[in-house]
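*Asks:* let's see this in three dimensions:
(4 chains)
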Number of protein chains: 2
Amino acid sequence: MKKFSSRYSIAVHILSLVALSPTSCTSDFIAESVNTNPVIIRRIIGMLKKAELVHVRAGAGGTYLQKGLDEITLLDVYRAVEVADNGDIFNFHDETNPKCPIGANIESVFRAKMLQAQSAMEHELAQVTLRQLVSELKEKTGSI
Amino acid sequence: MKKFSSRYSIAVHILSLVALSPTSCTSDFIAESVNTNPVIIRRIIGMLKKAELVHVRAGAGGTYLQKGLDEITLLDVYRAVEVADNGDIFNFHDETNPKCPIGANIESVFRAKMLQAQSAMEHELAQVTLRQLVSELKEKTGSI
DNA sequence: TATCGTTGCAACTATAATGATTACATCGAG
DNA sequence: CTCGATGTAATCATTATAGTTGCAACGATA
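*Replies:* Numbering: from 1, shown residues only, chains lettered A, B, ... in the order given. Below is the predicted model:
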């Protein structure tokens, strides 16, 4: 299957920061918390923007949530940053031999099962809102 | 996240062939149905062997199931060929800034959610036995 | 209006995983 | 003993990711 990139964890980190930070969140500020390069952060913020999860004040700087804490789920974030060509997390060996009755049919049978498994995972992700994440974070950090 | 390699689909293909084929399954024979190099097939069979899903007649040649059709699930196959270092399908950006209260705690909170999602997916995979797969394949191919 | 911090983006590098291929030692049935 | 098949190492091309530098453009603000 395809593995999740660490972009996903960074994206969640970004959204948590934006949600919790009382100060303006510049890419430099976020990069320091994530401990990486600001450009990496901007790239991911770009994806979150396309998904309309955040908006950015150009020139002035700073990233802000574009939706409520309850309207953003882990599934939204996943779809925003995991640019799976077709949306599938599974890769298939294409070009199986069409002359072999099994080679010709195995993919469709297997794919159906995989889509079911993927749906189950995405269903779980859809259950977790940014509000829940942030609330659990607050418990752990004491207070912010 | 991490993406699934196409090894997985090939492994399922191999097991289906071994289960259905009345003749001996050599890596050359399988490679033709999968439409790839025999060495690729042998590598994957090697993983299936380690997982004790199949055994191979060295010298003589041919791969055979080591367990019953009902005792092999898609989860078994997945675990046999997807060599995720730690078993997780999610990657995390490690080394977040420990000085930032969010950076210091986001990973554990996020990881818990991800493990839940992964469990849901694996649960689905565990529901599908090789017998079911083969049975659906037979329907599609008419008969073998 | 000029400045300065910030964003957006292209270009480049390094690294790792994957798939494919060649080559060859080894096994074991006939 | 022979011959087909397996097991495995070595190599290569491709792709994805993460990181980095450089720079144009934006816009708040002084």
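*Asks:* quick one: average pLDDT of the top helix by length along chain A?
*Replies:* In chain A, taking DSSP state H as the definition, the longest helix is helix A:101-127. Per-residue pLDDT over helix A:101-127 has a mean of 94.
*Asks:* got it, and stretch A:133-144?
*Replies:* 84.
*Asks:* does chain B sit close to that stretch?
*Replies:* Yes. Under the criterion of Cβ under 8 Å from any Cβ of the partner chain, stretch A:133-144 makes contact with chain B via A:133, A:136-137, A:140-142, A:144. Using the backbone N, CA and C atoms, a C-beta is placed for each residue, glycine as well.
*Asks:* so among these, which ones count as buried?
*Replies:* Using 16 or more other Cβ atoms under 10 Å in any protein chain shown as the burial test, the residues of stretch A:133-144 next to chain B include A:133, A:136-137, A:141 as buried.
*Asks:* nearest residue to A:P98 in space, please, no chain neighbours.
*Replies:* Closest residue in space to A:P98, ignoring its immediate chain neighbours: A:A104 at 4.9 Å, by Cβ to Cβ, 6 or more residues apart in numbering or on different chains.
*Asks:* wait, the one you found touches A:T96, no?
*Replies:* Yes. Counting by Cβ atoms under 8 Å, A:A104 touches A:T96, with 6.9 Å between them.
*Asks:* more neighbours: those two, which one.
*Replies:* Neighbour totals were compared for A:A104 and A:T96, and A:T96 leads with 22 against 15 (other Cβ atoms under 10 Å in any protein chain shown).
*Asks:* number of nearby residues for the closest residue in space to the more buried one that isn't next to it in sequence?
*Replies:* Spatial nearest neighbour of A:T96, excluding adjacent residues (Cβ to Cβ, 6+ apart): A:G103 at 3.8 Å. Using other Cβ under 10 Å, A:G103 is surrounded by 21 other residues.
*Asks:* what about A:G103, distance to DNA strand D?
*Replies:* 17 Å (Cβ to the nearest atom of the strand, to the nearest Å).
*Asks:* please tell me how far the residue of chain A positioned farthest from its centre sits from B:G142.
*Replies:* Of all residues in chain A, A:K99 has its C-alpha farthest from the mean position, at 40.1 Å, by Cα atoms, centre = their mean. Counting by Cβ to Cβ, to the nearest Å, the gap from A:K99 to B:G142 is 15 Å.
*Asks:* likewise A:P101?
*Replies:* 8 Å.
*Asks:* so for the residue in chain A that DNA strand D sits nearest to, what's the pLDDT?
*Replies:* Closest contact between chain A and DNA strand D, by Cβ to the nearest atom of the strand, is at A:G59 (1.8 Å). In this model, A:G59 is scored at 88, pLDDT.
*Asks:* now swap in the one 10 residues further on and tell me
*Replies:* According to the per-residue confidence, A:L69 scores 98 in pLDDT.
*Asks:* contacting residues for A:E52?
*Replies:* By Cβ atoms under 8 Å, 6 or more residues apart in numbering or on different chains, the contact set of A:E52 is A:66-67.
*Asks:* need phi/psi at it.
*Replies:* A:E52 adopts backbone torsions of phi 60, psi 30, taken as degrees, to the nearest 10.
*Asks:* before we move on, back to that, measure the residue nearest to A:T96 to B:V128 for me?
*Replies:* From A:G103 to B:V128 the distance is 20 Å (Cβ to Cβ).
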